[in-house]
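S.K.: Coordinates for the following, if possible.
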Amino acid sequence: MYFEQFYLTCLAHASYMIGSEGEAAVVDPQRDVDIYLKAAAEQNLEIRHIFETHLHADFVSGHKELAARTGAKIYIGARANAEFPHVPLTDGFEVKIGAVRIRALETPGHTPESVCLVITDESKSSAGKSSASKAGQPCAVLTGDTLFIGDVGRPDLSRTHTPRELAVLLYDSLHKKLLALPDAVTVYPAHGAGSLCGRAMRADRSSTIVTERLTNYALQIASREEFIAQLTSNLPTRPEYFLEDAEINRSGAAALTELPPLPGLSPSELQARLQQNARLNVLDVRPGDEYAPGHVPGSINIALSGQFASWAGGIMGIHSKPVLIGDTDAQIEEARLRLARVGIEELGGYLDGGVVAWQKAGLPVLKTAQISVQELNQKLREGKWRALDILVLDVRREGEWQAGHIADAQWRALDTFPQGLPEIDIARPVAVHCKSGYRSMIACGLLERAGHRNVINVVGGFDAWHAAKLPEVAEQLARS
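M.R.: Next comes the predicted model:
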């Protein structure tokens, strides 16, 4: 058996290819599908089957394009009400791929249509990351977003079921189906640490049923009612685009080659658009350290490093039509691909020549001040900013804040900014920090676009503060 995991770091998304005796199946494909075609060609395999474990909400899947390019069948849970040609999956449905059997388990809970795929390798040996199973025994299970490494799927992503209804289903799916598998079965989920489809995932890319039974906090909860209570409370903010992406996946996305052309804009053209609409989404994809010294006023920095597409979708929405700013054509193309992965297809163009061209045209740039954690601590300790009433704004998520934060800081998670910015006097100096500096630069851009002109980014964020052994506290939230 050939088995390969494809991990897309920017979306914390794992997809899989399973092959045997010349044919292959792809599970939960990302939108740009050439990687699977290349891998299949290298392994002399023909892709004949495409499985979706559920209607993904955090990215747009490539199942429809991959099927069109290979002639493969698409399989998805019977409750998905999928609008593309497909084979509905129900409990016990099996597909044979050479010496490999793939058996479906209906595991509703994260979504009503969620399924897991149990893999049994009946050959004498296997290649890749999976080991051969004992005779007739499964060797792996692809758990989609039902069971993660250290976590389980969030139950609030459905239009038809309440979080409580899904949590009840999830408890039964975990305890009656997944935990009934042999202890040695390897667990391969569809997402890893950083994904908003759960909240406490470990960074590992795989695990086993017994490891999760012993270490996964959600599987330690014996009481169904306590499980429901914990799973439906303190959930991370759900980005608005999640429900929209699920609907795109229900019908199937268009091929990437069908995306409209991306026009280049001159500095004067972009300036005219900004004068007409001060809320125009202008997305600067350069690293934060390049954005801070000089950027187009009103632009927001979401750097291509990190979880770029997730933050772009969450902050701007998939209908935002952003104008892109980058240093190179390669950055613009990479940004466009990553945005398409979450459903942001229609763009307003890109600034031809980037910020360099903007400055050569004699147009003003805005600078975002930056400060080290040592300097911030010194100023706070000496009270040098007391007369200015400086605000330290922490934009991390709630669990990060509770684990430790700067005394007297105010907390407002970046996830919530689309629902309204923190209520801060526009003249008040604001020092913004997150974990490392990535999210805080996004927050700085949003505040600047709203008119704040005394915004300071804390370099290195709370990681740098903690590493410098500066004073921190863990206490109740000081909400803004």
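S.K.: State the distance from G77 to N281.
M.R.: Separation of G77 from N281 (Cβ to Cβ, to the nearest Å): 35 Å. Every residue, glycine included, has its C-beta placed from N, CA and C.
S.K.: Looking at those two, which is more packed in?
M.R.: Using other Cβ atoms under 10 Å as the criterion, G77 and N281 rank with G77 on top: 26 against 21.
S.K.: can you count the residues close to the residue nearest to the more buried one when sequence neighbours are not counted?
M.R.: Leaving aside its sequence neighbours, G77 sits nearest to E113 (Cβ to Cβ, 6 or more residues apart in numbering; 3.3 Å). Neighbour count for E113, taken as other Cβ under 10 Å: 23.
S.K.: hang on, isn't E113 packed against H56?
M.R.: No: look at E113 against H56 with Cβ atoms under 8 Å: they stay out of range, at 11.1 Å.
S.K.: K360: what's it in contact with?
M.R.: Contacts for K360 were tallied using Cβ atoms under 8 Å, 6 or more residues apart in numbering; they are 267, 353.
S.K.: what's the distance between it and T257?
M.R.: In terms of Cβ to Cβ, K360 sits 34 Å off from T257.
S.K.: Also T107?
M.R.: If you measure T107 against T257 using Cβ to Cβ, the figure is 35 Å.
S.K.: Could you give the backbone dihedrals for the nearest residue to R199 once chain neighbours are set aside?
M.R.: Closest residue to R199 apart from its sequence neighbours, by Cβ to Cβ, 6+ apart: P236 at 5.5 Å. The phi/psi pair for P236 (degrees, to the nearest 10) reads phi -60, psi 150.
S.K.: Could you check how far P236 is from S320?
M.R.: According to Cβ to Cβ, P236 stands 21 Å off from S320.
S.K.: hmm, back to that, compare T107 and T257 (neighbour count), which wins?
M.R.: T107 (31 against 6).
S.K.: ok, so what distance separates the residue lying closest to the more buried one once chain neighbours are set aside from K435?
M.R.: With Cβ to Cβ, 6+ apart as the criterion, T107 has its nearest non-adjacent residue at 3.8 Å, and that residue is S173. With distances taken as Cβ to Cβ, S173 is found 32 Å from K435.
S.K.: between the two, who's got more neighbours?
M.R.: Between S173 and K435, counted using other Cβ under 10 Å, the more crowded position is S173 (26 against 19).
S.K.: Contacts only, for the more buried one.
M.R.: Neighbours of S173 in contact, by Cβ under 8 Å, 6+ apart: 105-109, 114, 146.
S.K.: what's around the residue nearest to T368 when sequence neighbours are not counted, how many residues?
M.R.: Of all residues not flanking T368 in the chain, A292 sits nearest, at 4.4 Å (Cβ to Cβ, 6+ apart). Residues near A292, counting by other Cβ under 10 Å, number 21.
S.K.: re the thing from before, take the contacts of S173 and write them to TSV, including distance to V168.
M.R.: Output for these, formatted as TSV (distance: Cβ to Cβ, whole Å):
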residue	distance to V168
L105	17
E106	15
T107	13
P108	10
G109	8
S114	14
T146	14
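S.K.: now the residue lying closest to S61 once chain neighbours are set aside, what's its secondary structure?
M.R.: Closest residue in space to S61, ignoring its immediate chain neighbours: N249 at 5.0 Å, by Cβ to Cβ, 6+ apart. Secondary structure, DSSP: H, G, I helix; E, B strand; the rest coil: N249 is helix.
S.K.: Tell me which stretches of the stretch 251-400 of the chain form helices.
M.R.: Along the stretch 251-400 of the chain, the segments classed as helices by DSSP state H, counting those that start in this stretch run 267-276, 288-291, 308-316, 329-341, 354-360, 373-382, 398-403.
S.K.: Burial-wise, tell me which of those helices comes out on top.
M.R.: helix 308-316 (a mean of 24; mean count of other Cβ atoms under 10 Å).
S.K.: what's in contact with that helix?
M.R.: 10-11, 58-59, 196, 239-241, 245, 281, 283, 285, 300, 302, 322, 335, 338-339, 341-344, 414-415, 417-418, 439, 442, 446.
S.K.: Of the residues you listed, keep whichever come out buried.
M.R.: With neighbours counted by 16 or more other Cβ atoms under 10 Å, the contacts of helix 308-316 contain buried members at 10-11, 58-59, 196, 239, 241, 245, 281, 283, 285, 300, 302, 322, 335, 338-339, 341-344, 414-415, 417, 439, 442, 446.
S.K.: from these, which ones fall inside strands?
M.R.: Of the positions in those, 283, 300 sit in strands, assigned by DSSP state E.
S.K.: So, low pLDDT: which residues of the chain?
M.R.: 124-135, 384-388, 475-480 (pLDDT under 70).
S.K.: 80 - rerun?
M.R.: Residues of the chain meeting the criterion pLDDT under 80: 124-136, 382-389, 475-480.
S.K.: Check the gap between S436 and N457 for me.
M.R.: 11 Å.
S.K.: If you could redo that for L265, that was the one I meant.
M.R.: Counting by Cβ to Cβ - L265 and N457 are separated by 27 Å.
S.K.: higher neighbour count, those two?
M.R.: N457 (26 against 20).
S.K.: residues in contact with the more buried one?
M.R.: Counting by Cβ under 8 Å, 6+ apart, N457 has contacts 288, 292, 368-371, 431-433, 437, 440-441, 444.
S.K.: Could you confirm it falls within a strand?
M.R.: Yes: under three-state DSSP, N457 falls within a strand.
S.K.: So in terms of bridging, what pairs with it?
M.R.: Q370, V432 (DSSP bridges).
S.K.: Please apply the same query to L324.
M.R.: L283, Y350.
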